[in-house]
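**Q** everything below, folded, please.
(one chain, ligands or ions: 1)
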Amino acid sequence: MSTHTDTRLRDRHIVVTGGARGIGRGIAVRCARAGADVSIFDTKPEVAAETADLVREEGGEAEVYEVDVTDAEGVETAVDAAIDSLGDIHGLVNNAGVQQAVPLLETTEDDWDLHFEVNAKGTFLVSKAVASRMVDGDIEGSIVNISSVGAERPFSGQGAYGASKAAVLAFTTVLAKELSDHGITVNALKPGTVETPMVEEWLDEHAEQSGKSPDEILAETLDVHILDRIGQPEEVGHVAVLLLSEEGDWITGESIAVDGGYLKH
Ligand code: NAD
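**A** This is a model prediction of the structure:
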């Protein structure tokens, strides 16, 4: 018998890409707290194993797959292995992503391609692999794509990043339309500044370019969030759980800011 007070994801198998750390870890743990079993797809299996332990501490089953979301064959193999192990997939969170702070005049073709490969193409490949199994198996489910406030209100230096995250929003709208007849909802979340290793790295890069300290840059960044504080990974997880659960059944094609008021500041 479950000891969970939140049972919204009981008996549901959720795949979280980029679940080794940061927001992906927060989402994986939050899903488990709502009763889910979780498969983690990440290029960092040792770190992902720590997330899997946290999921198990919440009472969920967890498996880790070392997979690069830009590798179509690897994604297909991992999706099949995840179904073999934990059963049909009911939810997917496309969270794996990369971000570099690079102004236009220093942006290389490789920088541009990396953002689109991981953030946009990765979302496409994993969505296609999971959605095709949902459709074939008549499984009603939910896809949550992690975009960013940077899709709508990017900072300087986020040209490639912001454009790739805007692509995710457009893709979300199309998937919502195409998959609705199969009982699959598709939405996006737009986090503001969340306390993760990615943000620490971004602050360091931005500090190097501007000559300010990472703490100064963080203070300036938080100043433009109405709530004036950094977000926590599980705060993004709370909203992901809503969208992945039955409570989110009448929400699709939407993009929801989880941003401490950044987009309204
Ligand atoms: P993070 O760098 O801390 O974690 C990202 C995870 O994705 C890591 O575990 C990494 O190994 C994995 N990953 C990267 N490339 C991958 C690939 N090709 N295949 C599989 N896994 C891969 O980042 P985070 O801050 O937790 O961000 C998570 C998501 O949220 C990203 O999509 C990011 O763009 C988005 N986001 C973050 C913030 C923020 O403030 N942290 C704000 C808005 C949006």
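**Q** what does the stretch 1-150 of the chain put close to the ligand?
**A** If contacts are counted using C-beta under 6 Å from any ligand atom, the residues of the stretch 1-150 of the chain sitting beside the ligand are 17-18, 20-24, 41-44, 68-70, 95-99, 118, 122, 146, 148. C-beta: built from backbone N, CA, C; applies to glycine.
**Q** try it again at 8 Å.
**A** Contact residues (C-beta under 8 Å from any ligand atom) of the stretch 1-150 of the chain with the ligand: 17-26, 41-44, 47-48, 67-70, 94-99, 117-119, 122, 146-150.
**Q** what ranges does this protein have for its helices?
**A** If you assign secondary structure with DSSP state H, the helices in the chain sit at 22-33, 45-57, 72-86, 109-115, 122-136, 159-179, 197-210, 214-223, 233-244.
**Q** any idea which of the ones you listed is most buried?
**A** The highest mean neighbour count among those belongs to helix 22-33 (a mean of 27), with neighbours defined as mean count of other C-beta atoms under 10 Å.
**Q** alpha carbons only: can I get that one in PDB?
**A** Only the C-alpha atoms of helix 22-33 are listed here, as PDB (Å, rounded to 0.1, in the frame of the first residue of the first chain):
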ATOM      1  CA  GLY A  22      19.300  20.400 -11.500                       C
ATOM      2  CA  ILE A  23      15.700  20.900 -12.600                       C
ATOM      3  CA  GLY A  24      15.500  17.300 -14.000                       C
ATOM      4  CA  ARG A  25      16.500  15.900 -10.600                       C
ATOM      5  CA  GLY A  26      13.900  18.100  -8.900                       C
ATOM      6  CA  ILE A  27      11.200  17.000 -11.300                       C
ATOM      7  CA  ALA A  28      12.100  13.300 -11.000                       C
ATOM      8  CA  VAL A  29      12.000  13.400  -7.200                       C
ATOM      9  CA  ARG A  30       8.700  15.400  -7.200                       C
ATOM     10  CA  CYS A  31       7.100  12.900  -9.500                       C
ATOM     11  CA  ALA A  32       8.200  10.100  -7.300                       C
ATOM     12  CA  ARG A  33       6.700  11.900  -4.300                       C
END
